[in-house]
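Visitor: below is the structure, and that's it, no one-letter string:
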């Protein structure tokens with residue numbers, strides 16, 4: 001129970017701190033915010049989720065002083081969701097629809113303020129996070145030290161996944177630097193073989 005609570009706390013903090021959809025599109029296409037492997041995150045979906053998220057917390061979704069940073073933060077979260085699932089699949093971790101449904105029930109019970117369009121992805125992320133913790137540690141984390149060890153191992157595995165599947169980001173939102181978005185100021189960075197863990 002402690003391990004599950006720690007994993008959930010980490011995942012929740014990642015979402016709040018700024019830690020999709022599939023489709024076609026090139027990052028030369030201004031309608032695509034990012035691509036993780038074969039999956040794209042459309043700009044319109046990102047903007048819609050940011051707008052709803054800002055409204056949920058009582059912020060003005062038209063306040064340009066918060067919208068840009070909120071979009072970059074949420075894009076990182078959405079990339080993290082996809083990389084966690086891809087890492088789980090790469091390591092042979094299986095998550096069922098029942099696992100995702102359980103996470104969604106818990107999210108509803110906790111009354112989390114999550115944009116509707118991200119609930120399924122977030123529940124999937126939590127389910128993979130729990131199972132990846134067990135896979136990487138060999139058991140459920142039982143202490144803060146266990147969770148720190150899981151975090152280190154998971155960081156390395158996610159970096160491997162990012163290298164394998166590739167992460168591309170629309171330069172409007174920054175550039176991908178292995179495990180996160182770097183500030184704006186440059187060209188599109190493709191991580192295939194270029195990830196710095």
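Guide: All right, it came through fine. Not measured: the values here are computed from a predicted model.
Visitor: ok so residue 41 is a strand residue?
Guide: Yes - the assignment for residue 41 by DSSP: H, G, I helix; E, B strand; the rest coil puts it in a strand.
Visitor: what about the strand or helix carrying residue 54, distance to the chain center?
Guide: Assessed by DSSP states H and E, residue 54 sits inside helix 43-56. Centre-to-centre, helix 43-56 and its host chain are 15 Å apart (CA atoms, centre = their mean, to the nearest Å).
Visitor: which residues does it contact?
Guide: Here helix 43-56 makes contact (CB atoms under 8 Å, 6 or more residues apart in numbering) with 20-21, 30-33, 60-61, 63, 66-67, 70-71, 74-75, 78, 113-118, 170. Backbone N, C-alpha and C define where each C-beta goes, glycine included.
Visitor: give the buried residues for it.
Guide: By neighbour count with 16 or more other CB atoms under 10 Å, helix 43-56 contains the buried residues 43, 45-47, 49-54.
Visitor: would you turn these into a markdown table with pLDDT?
Guide: A markdown table is the format used below for the buried residues of helix 43-56 (pLDDT from 0 to 100):
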| residue | pLDDT |
| --- | --- |
| 43 | 95 |
| 45 | 96 |
| 46 | 96 |
| 47 | 95 |
| 49 | 94 |
| 50 | 94 |
| 51 | 93 |
| 52 | 93 |
| 53 | 91 |
| 54 | 92 |
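Visitor: helices of the chain, residue ranges please.
Guide: Assigned by DSSP state H, the helices in the chain fall at 2-17, 43-56, 64-90, 97-110, 119-137, 144-165.
Visitor: single out the most deeply packed of those.
Guide: helix 119-137 (a mean of 22; mean count of other CB atoms under 10 Å).
Visitor: remind me what it packs against, helices and strands.
Guide: helix 2-17, helix 64-90, helix 97-110, helix 144-165 (3 or more CB pairs under 8 Å, 6 or more residues apart in numbering; DSSP states H and E).
Visitor: quick revisit: which one among the buried residues of helix 43-56 gets closest to residue 99?
Guide: Of all the buried residues of helix 43-56, residue 99 sits closest to residue 49, with 22.8 Å by CB to CB.
Visitor: where's the most centrally placed residue in the chain relative to residue 148, distance?
Guide: Nearest residue to the geometric centre of the chain (CA atoms, centre = their mean): residue 80, 2.3 Å. Going from residue 80 to residue 148 by CB to CB, to the nearest Å gives 18 Å.
Visitor: equivalent analysis for residue 94, please.
Guide: Distance from residue 94 to residue 148, counting by CB to CB: 26 Å.
Visitor: circling back to that earlier point, could you give the angle of the helix holding residue 54 to helix 64-90?
Guide: Interaxial angle of helix 43-56 relative to helix 64-90 (axes from the mean of the first three to the mean of the last three CA atoms, to 10 degrees): 110 degrees.
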